[in-house]
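**Student:** here is my input; please provide its structure:
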Amino acid sequence: MRLVFAGETDPGCIRSSNQDSYYIDPQARFFVVADGMGGHAGGEEASRLATAVISAYLDRQWEQDLPAEELLEEAIIKANYAILSDQYTHPERQDMGTTVVLLMMYQNETWFSHIGDSRLYRLRGERLEQLSDDHTWIARAIATGILTPEEARRHPWRHMLLQCLGREDIQLIETRRIDMEPGDRFLMCSDGLTEELTDDTIKEIWLSYSYQEVPKKMIEAAKARGGKDNITVVVVHNEEE
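**Tutor:** Model prediction:
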């Protein structure tokens, strides 16, 4: 495979600080997006810790021939422990937490893992598919038929997370292997993007610009529609024919 990639983050139009973080491995082995919460300093620190600990652990363990699931889960567990330790040391940040979504190319396979509502999409041809499942009350309400997707976009509880890093009671780290075909494109983003843009708009922008331009163009479009939250976009394209 031949991977090309780009990423960008922006505070948006309302917030003075940016509590999102992302990391792109220079060797294109793994990619991380985290969306922090818990106040200005808390959210920034939680997302920074998540991306730093996960990337450092993966880099350190890369040659150890561990199973992919174990590698991903342990990276996220260590990030969670680092955030909990920081909360203990700094009680003023005890409410901080972060989502995380992680894409990894390992031993000729493609894997992802996530907690929270930062998302992973795949664009194959003109078919856009959300690969991650939001760990939110609203996603559960849609799945059980309590709300329609249209109702969910306006619901006041749409940002209520069922899981995030920075909590003792993490119950599910969703980890799975996914297919990658020649020409596939992947998008990782915080909910500041998906709060403003529909999937159809995301796809339209994605198909209209080069991979280098896509993060900036998506962020500009989200800000034009209000940009109420921090916005982070990372794209990874497999240019192998």
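**Student:** okay, now the unreliable bits of this protein?
**Tutor:** 40, 135-161, 241 (pLDDT under 70).
**Student:** which elements pack onto the longest strand seen in the chain?
**Tutor:** Longest strand in the chain, counting residues (DSSP state E): strand 97-106. If you count contacts as 3 or more Cβ pairs under 8 Å, 6 or more residues apart in numbering; DSSP states H and E, strand 97-106 packs onto strand 30-37, helix 40-61, helix 68-89, strand 109-115, strand 119-124, strand 185-189. C-beta coordinates here come from the backbone N, C-alpha and C atoms, glycine included.
**Student:** buried residues, the fourth one. List them.
**Tutor:** The one in question is strand 109-115. By 16 or more other Cβ atoms under 10 Å, the buried positions in strand 109-115 come out as 110, 111, 112, 113, 114, 115.
**Student:** got the angle between it and helix 40-61?
**Tutor:** 150 degrees (axes from the mean of the first three to the mean of the last three Cα atoms, to 10 degrees).
**Student:** next, give phi and psi for the nearest residue to residue 208 once chain neighbours are set aside.
**Tutor:** Spatial nearest neighbour of residue 208, excluding adjacent residues (Cβ to Cβ, 6 or more residues apart in numbering): residue 217 at 7.6 Å. Note on residue 217: its backbone torsions stand at phi -70, psi -40 [degrees, to the nearest 10].
**Student:** quick one: residue 217 and residue 204 touch, right?
**Tutor:** No. If you go by Cβ atoms under 8 Å, residue 217 and residue 204 don't touch, sitting 10.2 Å apart.
**Student:** and these two? Which one has more around it.
**Tutor:** Ranked by neighbour count (other Cβ atoms under 10 Å), residue 217 and residue 204 place residue 217 first, with 16 against 13.
**Student:** contacting residues around the more buried one?
**Tutor:** 205, 208, 209 (Cβ atoms under 8 Å, 6 or more residues apart in numbering).
**Student:** please apply the same query to residue 101.
**Tutor:** Here residue 101 is in contact with 32, 33, 34, 112, 113, 114, 116, 118, 119, 120, 132, 188 (Cβ under 8 Å, 6+ apart).
**Student:** which one among those residues gets closest to residue 59?
**Tutor:** Nearest to residue 59 among the contacts of residue 101 is residue 32, at 11.6 Å by Cβ to Cβ.
**Student:** name the nearest residue to that closest one, ignoring sequence neighbours.
**Tutor:** Here the residue nearest residue 32, using Cβ to Cβ, 6+ apart, is residue 23, at 4.4 Å.
**Student:** surely that neighbour is within a strand?
**Tutor:** Yes. Residue 23 forms part of a strand when assessed by DSSP: H, G, I helix; E, B strand; the rest coil.
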